[in-house]
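> make a model of this:
(chains A, B and C)
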Amino acid sequence: MSGLTLRDLTVKRGECPVVDHVSLTVAPGEVVGLIGPNGAGKTTLMRAALGLLRSEGSSSLLALGPAERARAAAWLPQAREIAWPVSVETLVRLGRMPHGAGTSPADDAAVDAALQRCGLESFRTRSATALSGGEQARVLIARALAQDAPLLMADEPIAGLDPAAQIQIMQVFQTLAGDGKAVLVSLHDLGLAARHCTRLALLHRGRLVAEGPARDVLAAQHLAATFGISGAFVETPSGPLFQTLEVLR
Amino acid sequence: MRPGVQALSLGGLVGLLFAVSLLIGPAQLGAGESLRALWSGEGGATVLVMREIRLPRALLAAMVGAVLGLSGAALQGYLRNPLAEPGLIGVSGAAALGAVIALQTGLAGAATLALPLSGLAGALVAVLIVLLLAGPRGGALTLILAGIAVSALAGALTALVLNLSPNPFAASEIVFWTLGSLADRSMVHVALAAPFIGLAMVALLSQARALDALTLGEDAAQAMGVSLTRVRLTLVLAIAAGVGAATAVAGAIGFVGLVVPHLLRRWVGARPGRLLWASALGGAALVLAADIAVRLIAPDRDLKLGVIMALIGAPLFLHLIWRTRAEA
Amino acid sequence: MSHRGAVSPSASGPGSETMVGARQAAGRRLGVFLTGLLALAPSLPAVADTPARVVSMNLCTDLLAMELAAPGQLVSVSHIARDPLVSPLAEAAAQYPGNRGGAEEIFLMQPDLVLAGVWTDPVAVGMLRRLGIEVVQVDVVTELDEVADRVRQVGALLGQSARAEAVAHDYLARLASLREAAAAIPADARRVAEFYYPNGYSLGVNTMSHEILRAAGFAHLAEAEGRAYSGTLPLEKLVLSGPDLVIRSETYAGASRSEEVLGHPALVALAAGPHGYRSTADWICGVPQVLTAVDDLAGHRARMEAGE
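Take a look at the predicted model:
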C-alpha cells in the first residue's frame, strides 16, 4: 500500500517516551497536518516513521529496505540545508537518487515537473545557495517532489517564510494530494493548517490527542489543553478560517 | 564544460607535469634520450637514473597528491565544511607519528607493511578523535580547534620519539616529517604506499553519490537511501589508509586537500561527488608542480614540499576563515 | 661544535672533520695552539710539564690521549669514544668515566688540562677557561702527514713527548710503505672511488678521507670532476658517473631518513658486491688508526683486482 500507517509507534529517550503509542494513517489524496506545541514530538514522530530513529511499534515504511523506503517516502527535514553552491537543477536532481543514476529521460521529466510545480523553471541554473530563504525552501521541496514517492513528509516546511511563499507551498501539497499522493506536514500556523490540510493530527506530550477535520481538532477544549490558547474557527465562502485569540494561562 | 572534457584537461595537465618531473634533475639528460631509456630499458646508467630515481619520485608525487586532494574533498563533502583538510585537522601529523614510531622501534624493518600500517593507525586515531569532537554538527571552529590540538600533540610526540632515537640523524628530521619531501624516494616506497593509496582512492571515489546526497544534510541523505554508517566507516578507513601510507613515505604534506577542492569546486558545479575525482587529478597536478618547483628553486637543498604548499595554502586558508566568519 | 657534532648530521656524519678542515688556515692552527700555551703559562706554571689530571672532550683527542697518556693521567673521555660505530678504541674508552662535554661536569672533575677540538662547543670552552681551567683546542687533520704532528702536539701537552715521538715515527714509516704500494699502481689502472654519505653528502678533495683513498691506491671521482669541497652530490649524478667503488658509512641504530638514501635501489645497484665499501670508525679522526682504514681499503682493492 502507499501512504503511511503507524501502529503504536513509540520512541523513548531513556525511560521517557517522547512519542507515545501513536497510531496514524495518511492515505493517498490526503494532506495531513501534524500540529502541536513545541516539544510535542512532531519531528520525532516523523523521523521514527522513516526509520531515522529507533522506535517500538510499527510503521509501514520500516517494513521496507532502505532503497525501497527511499522510493516510498520523500523526507523534507526542517533544517533547510544546502551545503554547497550547486545549481538549482543539480539540487533538485538529487531527489532522483533512489531511482538510479539520475540521467534517464524519466529522471529529466521528473526534475522538470518538480521545477515547474514549484515555479522554479527560471531558477534552473542559479546557484541554490545564492537564493532567498523562501526560494531555497521551494527548491528543497522541488527536490523532494523529484523523488516522486507516493508519500511526502515535510517538517515545518513553511516556518520563517513570507505569506505568499507559505501559501504557495501549501498549495503545492494540495496539488500533490490531488494527484493521488499522500502528504504529512508538520506546521505551527494553525490558520494555514485549517485551510490547506484535509485532516489534522494534534500531538501533545508524545500522544496523539485528536485527529480528524480541522473544525473538530481545533475545538476549544483541545486548544486549551494542548496550546493553552483560545481561538475562533469560522466557515466562510472562501473556505475555513481559523484565528488564534488569547493565551489562557 | 562537460565532465569528460574536464577530466581530459585535468588528466592532460597531470600527464604533462609528470613528464616534466621525469625530465628535470641535477644531471642534464636529453629529453629524447631519457624517455627512450625509461621506456626501452636500454642505456645503462641513464636507465637506472630514469627508472629508479626519477620515475619513483614522479609516481609518488602523483599518488600522494591524488590521495591528499581526494581525501580533502571527501572530508569536506562529509563534514560539509570547506576548511576540513587532512593536514589541518592533524591526520597527517598523526600519520607521521605512527610512521616515526614504526621506524624507530624497528617494526618497519621487521615487517614490510609495518610502516604504512603504522601510518594508517596514527591517521585512524586522529580521524576518529576529530570526527568525535567535531562531527558534521560540530561546525568549522570546533573542527579547527580539534585539529590544532591533535596536530600539536602528534607533532610533539613525533619530536619526542625522534629525540630519543639512538640515531643522531633522526632528531634533525622533524622537518621532513612535518613538511614532507620526495627527494631520494625509491620504487620501494612506491610499492609500499601504492596498494594503500589505490584502495583508499577506490573507496573514496565510490562515495560520490552519498556525498552528493549529503549536500542536503544527513537526515535527507539517509531518507534517500544513503547508509550514513557505511559512508562514515568507509571515509574514516580510506582516509586513514591513504593519508597514512602517503605520509609514511613522503612526510606530512599539508594544504593539498584544502587548496585543490577550493580551486576546483566551482569548476565542477560544486558537486561533492564530481569534486572527488577532480580533486584527485588536481592534487596529483599540484604536488607534481610543487615538487618540480622545489627542484627548480633550490636544486641542491632538498627544499621541503610543505614549504611550497604552505606558501600557497596558508593565505587561502586565511581567506576561507575570513569568508566563513563573514557568513556566520 | 661539540664532539657530538663531529658525528652528528649537522656536520654530516663520519668524515665531517674533513669539511671543517677545508676552512682551516695553517696560521690559525698555530694561533690556537699558541693561545693554548699562553693561557697555560701564567695560571698553571706548576703543571706545565706533566698535567696530573687530563680530561678529553672530543673524540679525536680522546683517541690520542688514550694512546699517549700515562696510566692514571687521563681522567675522562667523551662518551662518544665508547661508540664502536665512530670510535676505533671503543672498548678501551669504556674503562674511563665518560663525559658529555658540559662545562659543569668537566669542572667538577678538577682537571689540570682539558683537551678539546676546535669545533667543540665554544660556550663550554669559554666557561671552563673563565673558571681557570686550561683548555687546549686541538685542530683537525686534513692531510695524513699531519697525524704525526698531532701525535707530537698532544704528547707534548701530556708531558709524554718520548712516547709520542715513537708513535709518530712508527706511523710515518707505515704510511710511507702503504703509499709506496699505492704508487706502484699506474695512474690509468687506478679504480675510481667516490664517497656517498647520509643525506647524499659526498667528500671533496680537500679532506683526509681523500688522502686515505689515494693512499689505498684508488682515484677519487671528486678529483676527476673538480669537486674540491665536500657537499651534497645528487644520487643521479653519482649513478651517471658510475664509479668503480662507492664508499658508504655504517648506519646508526634506530632509523633515519638521512641514511635511507644509502639503501636506495639505484645506489645499491651501483655499489653491488665488490663495488661497495663501508667506511669504519678508523676513517673519522686524524689519529694513527687511519692507517687501519688505508690498509683495509687497500686490501679491498687487491680483492677487486683479483676478482677480475
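> going forward, measure contacts and count neighbours with C-alpha atoms only.
OK.
> got the residues of chain B near chain C?
With C-alpha under 8 Å from any C-alpha of the partner chain as the criterion, chain B meets chain C at residues B:25-27, B:45-46, B:48-49, B:52-53, B:103-106, B:165-170, B:172-173, B:184-188, B:300.
> keep only those of those residues that are in helices.
With helices defined by DSSP state H, the entries of the residues of chain B next to chain C inside them are B:Ala45, B:Thr46, B:Leu48, B:Leu103, B:Gln104, B:Met187, B:Val188.
> need these in CSV with pLDDT, neighbour count and distance to chain A, can you?
Shown next, in CSV, are those (pLDDT from 0 to 100; neighbours: other C-alpha atoms under 10 Å in any protein chain shown; distance: C-alpha to the nearest C-alpha, whole Å):
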residue, pLDDT, neighbour count, distance to chain A
B:Ala45, 87, 19, 52
B:Thr46, 90, 22, 49
B:Leu48, 90, 24, 47
B:Leu103, 92, 24, 41
B:Gln104, 92, 21, 43
B:Met187, 94, 20, 39
B:Val188, 93, 14, 40
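> of the residues of chain B next to chain C, buried ones?
Among the residues of chain B next to chain C, those buried by neighbour count (16 or more other C-alpha atoms under 10 Å in any protein chain shown) are B:25, B:27, B:45-46, B:48-49, B:52-53, B:103-104, B:106, B:165, B:167-170, B:172-173, B:184-187.
> the ones in helices among the residues of chain B next to chain C: which two are farthest apart?
Comparing every pair within those by C-alpha to C-alpha identifies B:Thr46 and B:Gln104 as the most remote, at 34.3 Å.
> now stretch C:55-67: average pLDDT?
The average pLDDT within stretch C:55-67 is 96.
> okay, now the unreliable bits of the stretch 201-328 of chain B?
Applying pLDDT under 70 to the stretch 201-328 of chain B picks out residues B:327-328.
> now A:Thr244: phi and psi?
phi -80, psi 150 (degrees, to the nearest 10).
> surely it touches A:Val234?
No: the criterion here is C-alpha atoms under 8 Å, and A:Thr244 misses it with A:Val234 at 11.6 Å.
> any idea how far chain A is from B:Leu117?
Distance of B:Leu117 to chain A, computed by C-alpha to the nearest C-alpha, to the nearest Å: 34 Å.
> contact partners for that residue?
By C-alpha atoms under 8 Å, 6 or more residues apart in numbering or on different chains, the residues touching B:Leu117 are B:Ala241, B:Gly244, B:Ala245.
> that one belongs to a strand?
No: going by DSSP: H, G, I helix; E, B strand; the rest coil, the assignment for B:Leu117 is helix, not a strand.
> show me which positions of stretch A:5-21 end up buried.
A:Thr5, A:Leu6, A:Asp8, A:Leu9, A:Thr10, A:Val11, A:Lys12, A:Val18, A:Val19, A:Asp20, A:His21.
> chain neighbours aside, what residue packs nearest to the first one?
Spelled out, that is A:Thr5. Spatial nearest neighbour of A:Thr5, chain neighbours left out: A:Thr25 (4.4 Å); criterion: C-alpha to C-alpha, 6 or more residues apart in numbering or on different chains.
> can you list contacts of the helix or strand harbouring the one you found?
In this assignment (DSSP states H and E), A:Thr25 forms part of strand A:16-26. For strand A:16-26, contacts defined as C-alpha under 8 Å, 6+ apart pick out A:3-12, A:32, A:40-41, A:44-45, A:57, A:182-184, A:205-208.
> likewise for stretch B:25-35?
If you take C-alpha under 8 Å, 6+ apart as the criterion, stretch B:25-35 is touched by B:Leu23, B:Thr46, B:Val47, B:Met50, B:Arg54, B:Arg295, B:Pro299, C:Pro234, C:Glu236, C:Lys237, C:Leu240.
> just the residues you listed now: which is nearest chain A?
Proximity of those to chain A (C-alpha to the nearest C-alpha) peaks at B:Arg295, which lies at 37.0 Å.
> helix or strand: which one has that closest one?
B:Arg295 belongs to helix B:272-297 when assigned by DSSP H and E.
> who are the packing partners of the next helix or strand after that helix?
The element immediately downstream of helix B:272-297 (helix or strand, assigned by DSSP H and E) is helix B:305-327. On a contact count with 3 or more C-alpha pairs under 8 Å, 6 or more residues apart in numbering or on different chains; DSSP states H and E, helix B:305-327 meets helix B:174-179, helix B:256-264, helix B:272-297.
> follow-up on the earlier one: neighbouring strands for the strand holding A:Thr25, and are they parallel or not?
strand A:4-13 (antiparallel) (DSSP bridges).
> identify the residues contacting the partner strand?
Applying C-alpha under 8 Å, 6+ apart, the external contacts of strand A:4-13 come out as A:17-27, A:44-45, A:48-49, A:53-61, A:151, A:182.
> now do the helices in the stretch 1-150 of chain B.
Counting by DSSP state H, counting those that start in this stretch, one finds helices in the stretch 1-150 of chain B at the ranges B:3-23, B:31-40, B:45-48, B:55-79, B:91-104, B:107-110, B:114-133, B:139-164.
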